[in-house]
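Novice: fold the stuff below for me.
(chains A, B and C)
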Amino acid sequence: MHRSLIWILIILMSVALYLVFIWSPIEKVMGNVQKIFYFHVGSAWVAFLAFGVVFVYSILFLMKRKRSYDMIAGISAEIGVLFTAIVLTTGPIWGRSAWNTWWTWEPRLTTTFILFFLYLAYIFIRRMDGAWEKKARLAAVFGIISFIDVPIVFMAIRWWNSKLHPIVFGDAPNQSGGGIEGEMLVTLLFCLGVITLLYIVLLQKGIYIERTKLAVENVKKNIQEKLMK
Amino acid sequence: MRDLIKSALAITWKDLYAEWRTKQVFSTMLIFSGLVIVTFSFAFDPTNNTIRAVIPGMIWVITIFAGILGLNRSFISEQYNDSLHGLIVSPIDPSSIYFGKFLSNFIIVLFVQMITIPLLFILFDYKMNGNILLFLLVLFLGSAGFICVGTFLAALSANSRSSEMLLPIILFPVISPIVIAAVQSTRILLIDVEEIESLFSWISLMAGYDLLFFVFCFFLFEFIMEV
Amino acid sequence: MSYLFAAYMVIWILLSGYLVILGKRQQKINKEIEFIRELENTQ
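Specialist: Numbering: from 1, shown residues only, chains lettered A, B, ... in the order given. The predicted structure is shown next:
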C-alpha cells in the first residue's frame, strides 16, 4: 500500500513538474518566476491542512487517549513545519522578483510566519522531559489553542495593513485581483493534489517509524524484565 | 458556580497575600521595567520628537516582558513544597485554580502598569492628551488577554524542567493578535487621534479575543492539571 | 529565471532534508533491532 503510493507519487510528481515548467503558459507580467506560485500555494495549503490535522487529532486524543492519535498529530506538525518553511523561503524569492522586496509585513506572510512559530512551539512541547502521556496531553491542549489562534492572527494582521497580495480566488474587495487562466488553474489544482499526496506519504512514513520505535522499545523492556528474573 | 468563584478568590487572596509578604515578584517586575525604560532611552534618542511614535510600543513591550517574569513564578512557586499537587487533589474544580491564578497575575500586572506607565510618560516628557478612560480600557483589555493566555501556558510549561525557557517561546506566537490590537489602539489613542473610528474595531477584537481564550483556557485547564 | 531555479532548489533541499531526518530515525531503530537480535542469539 505504502510502496504503491510512493510510485504513484513519483509519477504524478513528474507530471506535475512537466505541467509547471513546460505545459502551463508563461505569465505576461512576471514571466517565468510566476511558476514558483504553483508549489508555493500548494505548500501553503498543505501547511494549513497539517495544522488542521494536528487540531483534529489533538481533540481526538484528549477524548480517547489513544497513542496513535498523538503520533499522527506529532508527525503532522513536523511536516507542517517543513511545508511552512518551504512557503516562507519560496515566498520571499518570488516577492523579490515580483515586488522587488524580500519581505513585507503583509497579512498572509505574517500569519504564515507566526504559524511557523506556533508549530515550532508545539514541537518544543513534545520534546519536553517526562512521560509520553503528559507530553501528549499538554501538546494536544496547545494544538487546540494555537489552531483557534490562527484565524484571529490573520484577522488582526489584515486590519493592521493590507496592500500587496492580489486576491486570486473569490471576490477582491477593493483591488482588481488579476484572476487566473484556465491552464494555470489546472496546473495549480494538479499541484495541490500531488503535494497533498506527498503529505500523506510522509505522514504514513513518519507514523510507521514511530510505530516501529515503540515496538522496539517494548521488546527492549521485555528483555530487560527477562534478564532481571 | 458560586463555589468555583469562592475557591478561585481564595487562591487569588493566597497569592496576593504571599506576594504582599515578600514583594518579590512585584519588585522584580518594577525594577525590570525601570531597566527596560533606561535601555529605551539609550536606544531611541529621548530629546528627539520621534520618540512619541514609539511610546505605544514601549508600553506593551514593558508590560509583556515584565509580565512574563511574574507568569514564570506563578506556577513554579507552587512546586517547591509540592503545593501544586495539593491544589490538584483539593476538592475544587481545576478551572477555579486557573481563574484564581489569572486574577492574581492580572492584579499584579495592573499594579505594575499603574507605576511604570506614568513613569514612562514622565521620563520621556510625554503629555497625555487623549481620552484617559478609553486608554485605561485598552490597557485593561490588552493585559487581560495577555494574562489570560499567559497564565494558561505558564501552567502548561510548569510541567517542564526548563519552563522559563519554554514559556516565552510558546506564549509569544499565541498572543500576537492581542499585541497587535493593543499596540494599534494605544497608538490611535496617544498619537493618531483622528483614526478614532477604527479604535472601536480594535477594542472589539481585543474583547472578543479575551472572551474566546478565557472560555477555552477555562475549560481546557483541567487537562493540564491532570496528574 | 535564476529566482525560479533558486526557489525550486530550496523546495527540493528542504524536502530531502526531511527525508534524511526520517532516514536517520529509521537507521537508529534498525541498529537497535540488530542489537536485540544479537542479544537473543547469544543467549
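
Novice: helices of chain A, start to end?
Specialist: Counting by DSSP state H, residue ranges of the helices within chain A are A:2-18, A:36-64, A:67-98, A:107-126, A:132-160, A:182-228.

Novice: out of those, nearest to residue B:7?
Specialist: helix A:132-160 (22.0 Å; Cβ to Cβ). Glycine gets a C-beta too; all of them are placed from N, C-alpha and C.

Novice: quick one: mean pLDDT for the closest one?
Specialist: When pLDDT is averaged along helix A:132-160, the result is 87.

Novice: quick check: angle from it to helix A:182-228?
Specialist: If you take axes from the mean of the first three to the mean of the last three Cα atoms, to 10 degrees, helix A:132-160 sits at 160 degrees to helix A:182-228.

Novice: need the helices of chain A in TSV with distance to chain B and mean neighbour count, can you?
Specialist: Listed next are these as TSV, based on distance: least, Cβ to the nearest Cβ, whole Å; neighbours: other Cβ atoms under 10 Å in any protein chain shown:
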stretch	distance to chain B	mean neighbour count
helix A:2-18	32	13
helix A:36-64	6	21
helix A:67-98	12	22
helix A:107-126	4	21
helix A:132-160	4	21
helix A:182-228	21	16
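
Novice: can I get these in TSV with distance to residue B:6?
Specialist: Formatted as TSV, the helices of chain A follow (distance: least, Cβ to Cβ, whole Å):
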stretch	distance to residue B:6
helix A:2-18	56
helix A:36-64	28
helix A:67-98	36
helix A:107-126	33
helix A:132-160	26
helix A:182-228	45
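
Novice: phi, psi for residue B:92 please.
Specialist: phi -130, psi 160 (degrees, to the nearest 10).

Novice: show the model's pLDDT score for the closest residue to it other than its chain neighbours.
Specialist: Excluding its sequence neighbours, the residue lying closest to residue B:92 (Cβ to Cβ, 6 or more residues apart in numbering or on different chains) is residue B:7, at 4.1 Å. For residue B:7, the pLDDT comes out at 89.

Novice: thought residue B:7 was touching residue B:96?
Specialist: Yes: using Cβ atoms under 8 Å, residue B:7 is in contact with residue B:96, at 4.4 Å.

Novice: I'd guess residue B:47 is in a strand, am I close?
Specialist: No: under DSSP: H, G, I helix; E, B strand; the rest coil, residue B:47 falls outside any strand and is assigned coil.

Novice: list the contacts for it?
Specialist: Shown in contact with residue B:47 (Cβ atoms under 8 Å, 6 or more residues apart in numbering or on different chains): no residues.

Novice: if I look at it, how far off is residue B:41?
Specialist: Here the distance between residue B:47 and residue B:41 works out to 10 Å (Cβ to Cβ, to the nearest Å).

Novice: swap in residue B:67?
Specialist: For residue B:67, the distance to residue B:41 (Cβ to Cβ) stands at 21 Å.

Novice: so is the helix or strand hosting residue C:19 next to chain A?
Specialist: Per DSSP states H and E: residue C:19 is located in helix C:2-42. Yes: using Cβ under 8 Å from any Cβ of the partner chain, helix C:2-42 reaches chain A at C:3-4, C:6-8, C:10-11, C:14-15, C:18, C:22, C:25-26, C:29, C:32-33, C:36, C:39.

Novice: which of the residues you listed are buried, as a ChimeraX select command?
Specialist: Remark: buried members of the residues of helix C:2-42 next to chain A, expressed as a ChimeraX selection using 16 or more other Cβ atoms under 10 Å in any protein chain shown:
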select /C:3,4,6,7,8,10,11,14,15,18,22,25,29,32
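
Novice: what about residue 21, neighbour count?
Specialist: Using chain A. Applying other Cβ atoms under 10 Å in any protein chain shown, we find 14 other residues in the vicinity of residue A:21.

Novice: meant chain C, my bad for not saying
Specialist: 13.

Novice: on that earlier part again, what's the closest of the helices of chain A to residue B:213?
Specialist: helix A:132-160 (7.6 Å).

Novice: who are the packing partners of that closest one?
Specialist: Here helix A:132-160 touches helix A:36-64, helix A:67-98, helix A:107-126, helix B:132-157, helix B:163-190, helix B:196-224, going by 3 or more Cβ pairs under 8 Å, 6 or more residues apart in numbering or on different chains; DSSP states H and E.

Novice: wouldn't residue A:197 be in contact with residue A:5 here?
Specialist: Yes: using Cβ under 8 Å, residue A:197 makes contact with residue A:5 at a distance of 7.4 Å.

Novice: poorly predicted segments of chain A, please.
Specialist: A:27-31, A:161-181 (pLDDT under 70).

Novice: residues from it in reach of chain C?
Specialist: Residues of chain A lying near chain C (Cβ under 8 Å from any Cβ): A:32-33, A:35-36, A:39-40, A:43, A:78-79, A:82, A:85-86, A:89-90, A:93-94, A:96-97, A:198, A:202, A:205-206, A:209, A:212-213, A:216, A:219-220, A:223.

Novice: what sits against residue A:94?
Specialist: A:33, A:36-37, A:40, C:3, C:7.

Novice: just want the angle from the helix holding residue C:19 to helix A:36-64.
Specialist: Using the same axes, to 10 degrees: helix C:2-42 against helix A:36-64 is 40 degrees.

Novice: just want the angle from helix C:2-42 to helix A:2-18.
Specialist: Using the same axes, to 10 degrees: helix C:2-42 against helix A:2-18 is 170 degrees.

Novice: helix C:2-42 to helix A:67-98, inter-axis angle?
Specialist: 160 degrees.

Novice: how far does helix C:2-42 sit from the chain's center?
Specialist: 0 Å (Cα atoms, centre = their mean, to the nearest Å).

Novice: packing partners of it?
Specialist: Packing partners of helix C:2-42 (3+ Cβ pairs under 8 Å, 6+ apart): helix A:36-64, helix A:67-98, helix A:182-228.

Novice: nearest to residue B:177, out of these?
Specialist: When the helices and strands packed on helix C:2-42 are compared (using Cβ to Cβ), the closest one is helix A:36-64, at 16.2 Å.

Novice: does residue B:119 touch residue B:34 like I think?
Specialist: Yes: counting by Cβ under 8 Å, residue B:119 touches residue B:34, with 7.3 Å between them.

Novice: who's more crowded, residue B:7 and residue B:96?
Specialist: residue B:96 (23 against 20).

Novice: what's the helix or strand encompassing that one packed up against?
Specialist: Element membership for residue B:96 (DSSP H and E) is helix B:94-123. Judged by 3+ Cβ pairs under 8 Å, 6+ apart, helix B:94-123 is in contact with helix B:2-22, helix B:24-43, helix B:51-76, helix B:83-89, helix B:132-157, helix B:196-224.

Novice: hmm, which helix or strand of chain B has the shakiest average pLDDT?
Specialist: helix B:83-89 (a mean of 85; mean pLDDT, DSSP states H and E).

Novice: list the contacts of it.
Specialist: Against helix B:83-89 from outside (Cβ under 8 Å, 6+ apart): B:11, B:75, B:78, B:94, B:97, B:158, B:225, B:227.
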